[in-house]
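Trainee: Give me a model of this one.
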Amino acid sequence: MKLIQSFSVDHMRIVPGIFTSRTDQVGGDTVTTYDIRLKKPNREPVIDVAAMHSLEHLIATFLRNDAAWKDEVIYWGPMGCLTGFYLILKGNRAPKEIYALLLAAFRAVGEAEAVPGTSAENCGHYLMHNLAMAKWYAKEFAEYLEQNADNPAIFEYPKAERPITDDGQQFFDS
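Mentor: All right, here's what the predicted structure looks like:
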């Protein structure tokens, strides 16, 4: 079985940032999946689950209401490892081209007075939210993006180096 592309990223070297995870053709259209990484995998504590859930609601709402981008947004959701989010957009833009959008989205979390869509009718686990912690993580990431705007490492995946066996197979240790 082929290893999926996201597992070829060196998770011991990746830093928080905005990365192109994959680009696909879907029904004649190009769609791009972005890895919005808030935490260093395996080296920092992951994002609190309730705060992650709140960030999902807040930023999805922001993205789908942004006049310039709302028709481009296909999906915004959390990574299972709780170190970041996936954003899927129509088209194929470089990570730097969505930097301003994401910076604005994370800055907007700080202004939120409530988490949208948190009634039992609107959410599958409506009691699991933490706006205060969501604001903390959003502020931390927005400040990090601003401080590192000129650092190419926040826009380019570090690729894992995998040995090749004698018969040409790529070796994976786990």
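Trainee: phi, psi of the closest residue to residue 119 other than its chain neighbours?
Mentor: Nearest in space to residue 119, with sequence neighbours left out and distances taken as C-beta to C-beta, 6 or more residues apart in numbering, is residue 126 at 5.8 Å. (C-beta placed from N, C-alpha, C; glycine too.) Backbone torsions of residue 126, given as degrees, to the nearest 10, read phi -60, psi -20.
Trainee: if I read this right, residue 126 contacts residue 120, doesn't it?
Mentor: Yes: taking C-beta atoms under 8 Å as the definition, residue 126 is a contact partner of residue 120 at 5.1 Å.
Trainee: Okay, residue 51 and residue 63: tell me how far apart.
Mentor: Residue 51 sits 18 Å away from residue 63, going by C-beta to C-beta, to the nearest Å.
Trainee: ditto for residue 39
Mentor: 20 Å.
Trainee: And residue 71, by the same measure?
Mentor: 11 Å.
Trainee: who's in contact with the lowest-mean-pLDDT helix or strand in the chain?
Mentor: Here the helix or strand of the chain ranked lowest by mean pLDDT, DSSP states H and E is strand 17-26, holding a mean of 94. Here strand 17-26 makes contact (C-beta atoms under 8 Å, 6 or more residues apart in numbering) with 5-6, 9, 30-37, 86, 92, 94-96, 98-99, 102, 145, 148, 153-157.
Trainee: Of the residues you listed, grab the buried ones for ChimeraX.
Mentor: To isolate the buried ones among these in ChimeraX, judged by 16 or more other C-beta atoms under 10 Å, type:
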select :9,31,32,33,34,35,36,37,86,95,98,99,102,145,154,155,156,157
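Trainee: Tell me which entries of the contacts of strand 17-26 lie within helices.
Mentor: Applying DSSP state H to the contacts of strand 17-26, the entries found in helices are 99, 102, 145.
Trainee: Format those as CSV; extra columns: pLDDT and distance to residue 108.
Mentor: Formatted as CSV, these follow (pLDDT from 0 to 100; distance: C-beta to C-beta, whole Å):
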residue, pLDDT, distance to residue 108
99, 98, 15
102, 98, 10
145, 98, 13
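Trainee: Tabulate the residues you listed in CSV, adding columns for distance to residue 114.
Mentor: Shown next, in CSV, are these (distance: C-beta to C-beta, whole Å):
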residue, distance to residue 114
99, 27
102, 22
145, 24
